[in-house]
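Participant: A predicted structure for the sequence below; I have some questions about it.
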Amino acid sequence: MEKTYKIEVDCANCAEKMEDAAKKSEGVADATVSFMTQKMKVVFADGVDEKAVMKKVLKACRKVEPDCDIEL
Amino acid sequence: MTRKQKKVLFRIIISAILLVIVRLINPQGWLSLLYLIPYFVIGYDILRKAVLGIIHGEVFDENFLMAVATVGAIGLREFSEGVAVMLFYQIGELFQSYAVGKSRKNITALMDIRPDYANIEKEGELEQVSPDEVKVGQTIVVRPGEKIPLDGVIIEGNSTINTSALTGESVPRDALTGDEVISGCVNMTGLIKVRTNKEFGESTVSKILDLVENSSMKKSRSENFISRFAKVYTPAVCYGAVALAVLPPLVRMLFLNMEPAWGDWVFRALTFLVISCPCALVISIPLSFFGGIGAASKCGILVKGSNYLEALSNSGYIVFDKTGTLTEGVFRVKTVYAEDNAVGEDAAKTNAENYVLEIAALAESYSSHPISTSLREACANALDKERVAQVEEISGHGVTALVDGKEAAVGNAKLMKKLQIAYKECTEPGTIVYVALEQKYLGCILISDVIKEDAKEAINALKTVGIKKTIMLTGDNKAVAESVGKELGIDELHSELLPADKVTRVEELLNEKTEKDKLIFVGDGINDAPVLTRADIGIAMGALGSDAAIEAADVVLMDDDPVKIALAIKISRKCLRIVYQNIVFALAVKALCLILGALGIANMWIAIFADVGVMVIAVINATRTLYTNKLT
């Protein structure tokens, strides 16, 4: 299961941090953030509820970059 | 500018005015706290983020650096400097976000092939709907000047279409009733009605957009290097700053018997912090790759990831599949050899070659074999099937038939031997069709695949960009392979290969070469998916409209012009050159400023330049990747 989300982030370094945070979130198998296209691609682990996982991802990202946003 | 950017601009102006006013008042003593007004106007969000960062355990980010540096400066009673640093930091950030937004827009404009609407005819009137809503099999109307929104077949009208947005090819193509058209092309001259055969999401234009947009997700080694570097670099500089603030004063106090000069060293440490922000590096590299990918796609070269663009710049070996890449992949009559006595009295009007060709084409007129098709296409005269009777196909040999009541035999050497016809053997590379009439040998027709016009130029171009070896693989026989290889100047040939052999060959080549030199395989995307995936970089050619090729390859050439391979390599080299320039430039300036800062020579202003100035220069340099004019 793989999904792409639109994100809002201001600096490239912060995008890197969001990628790290998303990767470490529970239920996420892999994540990539493209600062240039302002998109986040998330590969979910098998059998997880993506909505619940994305909430955690957003929370984790807000922790590293308070200004960021993910369009869920 | 976005709303966010406008807000920051507004704050910058207000704060700058306030700063000037406070400077003019020049308050002394506790009134100096007036400086805090412009400071908070410009810096409140940075301070908030710095505090949140500390709460969340994210200590070493740039907000923290700026907060510490400016609060530190104010603590040292360097009020105007503290405010100015924050002010310039925000100006820099604003400029960065503006520049990045601008180049992002430029690049996406290059790739702007997304159709906004589709016209549907409803009760005699045209209605604009979103392309998403159009179903398969529905009829859409495309007026001149509009983008074709979905893939389909023209059911009414003739026009010419411009494919340059997809292929980079500026010569328009004819599109007649019954032709397939591809979404993303622009209809130029006539109104056409198109019956869609794919949904929008499955249409070519969506697939390509998807691919290009996702390409920046596949990160290159340089990008990964920088993000790893940034993770080590920021904390290292922070500890360095702490050491700079604490150690020298202690040494002075304890061992040198001097004044500790705390203020001086703390100030140097703060300068250190301002210089340290890794943003110039972190931003300019993905931006360069994004620009490179955008520039390539403008030329009709789709690169599916930054990693492939990076690999292209190191390409050393290039393996071609012959059919469809170096040659057209279609059989064509190359030459007709007629015997001197071939022309009978009843064919005196035409010349001998045409006569031989006509007999062959007539005899083969009922066959759908590619060779028969090529014979019919080459024959200038209209073929009247009424003239042919009693057609008999002899599998693996050819055809016998009655043409104008005379026994014709058209086929290979085996057929001639079988019918005991005395023929002259032809040894030229290609497929030979022998023609005989009433047991008399008339001549032979040489049919071969035609080498693409640009193929030789393409090979030469590859050699000038420094490709070490060109290799051609083909399933064809040795004679054909050698003649093509010789004409094009290919270094190494492997012929009579089955599809599986091609994979083995490529694997052997992969083992022979060094890790640094990348191996490119170029195919037409038909039947060579395994080899495309096996090679370091798989390039599929002429992929416009072929989903399988787009899936399997790493780099996709939308038209079938092999010269673009060298162009792709040039674009990638330029992009990588800019990436390295930026890395070296940013690191060198920062290192220099760090040293100057530690020695107390660089002040806050130099520090701000090292942070913001370097980043702005790096971003501007990165946008150079967009321009490919000099490369073609």
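Facilitator: Nice, thanks for sending it over.
Participant: quick one: mean pLDDT for the helix or strand hosting residue B:237?
Facilitator: If you go by DSSP states H and E, residue B:237 is part of helix B:221-254. Per-residue pLDDT values over helix B:221-254 give a mean of 84.
Participant: what about the longest helix in the chain?
Facilitator: Reading this off chain A. Longest helix in chain A by number of residues, with DSSP state H as the criterion: helix A:50-64.
Participant: wait, chain B
Facilitator: Identified as the longest helix of chain B according to DSSP H is helix B:563-599.
Participant: now do the very next helix or strand once past it, average pLDDT.
Facilitator: The C-terminal neighbour of helix B:563-599 among helices and strands, as given by DSSP H and E, is helix B:604-608. Mean pLDDT, computed over helix B:604-608, is 74.
Participant: check whether the residue in chain A sticking out farthest from the centre sits in a helix, strand or coil.
Facilitator: When distances are taken from the C-alpha mean of chain A, residue A:47 lies farthest, 18.2 Å away, according to C-alpha atoms, centre = their mean. Applying DSSP: H, G, I helix; E, B strand; the rest coil to residue A:47 yields a three-state assignment of coil.
Participant: roughly how far apart are it and residue A:53?
Facilitator: Look at residue A:47 and residue A:53: by C-beta to C-beta, to the nearest Å, they are 11 Å apart. Bear in mind the C-beta positions are built from the backbone N, C-alpha and C, glycine included.
Participant: hmm, back to that, what's the angle between the helix holding residue B:237 and helix B:563-599?
Facilitator: Helix B:221-254 and helix B:563-599 meet at an angle of 10 degrees, taking axes from the mean of the first three to the mean of the last three C-alpha atoms, to 10 degrees as the criterion.
Participant: check which helices and strands helix B:221-254 sits against.
Facilitator: With contacts taken as 3 or more C-beta pairs under 8 Å, 6 or more residues apart in numbering or on different chains; DSSP states H and E, helix B:221-254 sits against helix A:12-24, helix B:262-275, helix B:279-298, helix B:306-312, helix B:563-599.
Participant: what residues does whichever residue of the stretch 1-150 of chain B sits closest to chain A make contact with?
Facilitator: Here the residue of the stretch 1-150 of chain B nearest chain A is residue B:56; by C-beta to the nearest C-beta that distance is 4.5 Å. Contacts for residue B:56 (C-beta atoms under 8 Å, 6 or more residues apart in numbering or on different chains) come out as A:63, A:64.
Participant: could I get the pLDDT score of it?
Facilitator: Reported pLDDT for residue B:56: 80.
Participant: would you check how far apart it and residue B:459 are?
Facilitator: 57 Å.
Participant: got the residues of chain B near chain A?
Facilitator: B:4, B:48-49, B:52-53, B:56, B:58, B:61-62, B:93, B:96-97, B:100, B:104, B:107, B:213-214, B:216-219, B:227, B:230, B:278-279, B:282-283, B:286-287, B:290 (C-beta under 8 Å from any C-beta of the partner chain).
Participant: what's stretch B:578-589 in contact with?
Facilitator: B:222, B:226, B:280-281, B:284-285, B:288-289, B:610, B:614-615, B:617-618, B:621-622, B:624-625.
Participant: same question, stretch B:592-604
Facilitator: B:69, B:73, B:81, B:84-85, B:237, B:240, B:244, B:264, B:268, B:270-272, B:274-276, B:606-607, B:609-610.
Participant: same check on stretch B:163-174?
Facilitator: B:113, B:158-162, B:182, B:184-186, B:188, B:204-205, B:208, B:298-301, B:544, B:558-559, B:561, B:564.
Participant: nearest residue to the middle of chain A?
Facilitator: By C-alpha atoms, centre = their mean, chain A has its centre lying nearest to residue A:22, at 4.4 Å.
Participant: can you tell me how far it sits from chain B?
Facilitator: 13 Å (C-beta to the nearest C-beta, to the nearest Å).
Participant: quick check: which element contains the residue nearest to that residue when sequence neighbours are not counted?
Facilitator: The shortest distance from residue A:22 to any non-neighbouring residue, by C-beta to C-beta, 6 or more residues apart in numbering or on different chains, is to residue A:31 (3.7 Å). Per DSSP H and E: residue A:31 is located in strand A:28-34.
Participant: tell me what angle that strand forms with helix A:12-24.
Facilitator: With the same axes, to 10 degrees as the basis, strand A:28-34 and helix A:12-24 are set at 170 degrees to each other.
Participant: check contacts around residue B:154.
Facilitator: B:175, B:176, B:177, B:178, B:179, B:180, B:181, B:192, B:193, B:194.
Participant: the last one: which element?
Facilitator: Spelled out, that is residue B:194. Residue B:194 belongs to strand B:192-196, assigned by DSSP H and E.
Participant: which residues are contacting that strand?
Facilitator: Applying C-beta under 8 Å, 6+ apart, the set of residues contacting strand B:192-196 is B:121, B:134-142, B:148, B:150-159, B:175, B:181.
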